[in-house]
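Engineer: Model the following, please.
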Amino acid sequence: MGSCSWPGNHTLMQSYHDNEWGVISKDDRYLFEMLSLEGAQAGLSWYIVLSKRQGYRAAFHNFDINYCARLTDQQLAQIKAEGDVIKHLAKLQSVRNNAKAVLKIQEEFGSLAKFFWHYLDDKPVVNSWRSEKQIPVETLLSKQISRDLKKRGFKFVGPVTIYSFMQAIGMVDDHLITCQYHSINKR
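Structural biologist: I've put the predicted structure just below:
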């Protein structure tokens with residue numbers, strides 16, 4: 001049994017692929033972390049974001065949603081200046097902005113997980129790709145979720161970002177069918 005090739009020889013990427021990517025999560029803090037990191041990745045490689053993940057966790061108190069929603073402009077400027085994060089102010093501001101939007105979703109739906117998973121009736125999409133070239137970068141569903149999030153005031157949540165997020169939290173299993181981490185191979 002093989003593995004997907006996109007992690008390459010990077011230990012960090014391999015660990016992410018093997019232990020997180022495509023694993024179902026319904027933990028709001030983790031979902032907020034992945035949404036924030038996927039947004040930070042826009043225009044960059046995932047390796048860069050993963051290499052700064054600990055810096056993001058430190059800067060944003062392990063992605064504590066309430067803490068992030070209360071961040072001031074001054075605190076965000078300090079994170080940009082001193083944190084081991086991607087130095088893009090709008091992306092950093094989106095963490096605060098999106099945390100506020102998450103709090104509203106939690107009020108309305110009971111949890112961020114319920115909001116996202118209701119799109120799939122709590123059942124992940126399990127694909128059977130034989131080549132990474134077959135894997136889409138966005139889908140009709142990621143476009144819909146992106147539109148819905150933008151209407152709710154979220155930033156850095158385009159359809160490509162949302163599809164990557166869906167893969168990250170296990171809403172979509174896009175491991176190759178020949179990958180040992182594909183859900184059918186773990187039965």
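Engineer: and Ile48, how many neighbours?
Structural biologist: 11 (other Cβ atoms under 10 Å). (Glycine included, C-beta is placed from N, CA and C.)
Engineer: Compute the first-to-last residue distance for stretch 42-50.
Structural biologist: 13 Å (Cα to Cα, to the nearest Å).
Engineer: Please identify the buried residues of that stretch?
Structural biologist: Using 16 or more other Cβ atoms under 10 Å as the test for burial, stretch 42-50 gives Ala42, Trp46, Val49, Leu50.
Engineer: Equivalent analysis for stretch 116-133, please.
Structural biologist: Phe116, Trp117, Pro124, Asn127, Trp129.
Engineer: quick one: the residue nearest to the spatial centre of the chain and Ile48, what's the gap?
Structural biologist: Of all residues in the chain, the one closest to the mean position by Cα atoms, centre = their mean is Met34, 3.0 Å from it. Taking Cβ to Cβ, to the nearest Å as the criterion, Met34 is separated from Ile48 by 16 Å.
Engineer: Break down the chain into its helices, ranges please.
Structural biologist: 11-19, 28-41, 46-51, 53-59, 65-69, 73-82, 89-109, 112-117, 140-151, 159-168 (DSSP state H).
Engineer: Using a markdown table, please lay out the ones you listed together with distance to Cys4 and mean pLDDT.
Structural biologist: Shown next, in a markdown table, are the helices of the chain (distance: least, Cβ to Cβ, whole Å; pLDDT from 0 to 100):
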| stretch | distance to Cys4 | mean pLDDT |
| --- | --- | --- |
| helix 11-19 | 6 | 96 |
| helix 28-41 | 18 | 98 |
| helix 46-51 | 13 | 96 |
| helix 53-59 | 20 | 98 |
| helix 65-69 | 31 | 98 |
| helix 73-82 | 33 | 98 |
| helix 89-109 | 27 | 98 |
| helix 112-117 | 23 | 98 |
| helix 140-151 | 19 | 98 |
| helix 159-168 | 11 | 98 |
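Engineer: That's all I had, so thanks and see you.
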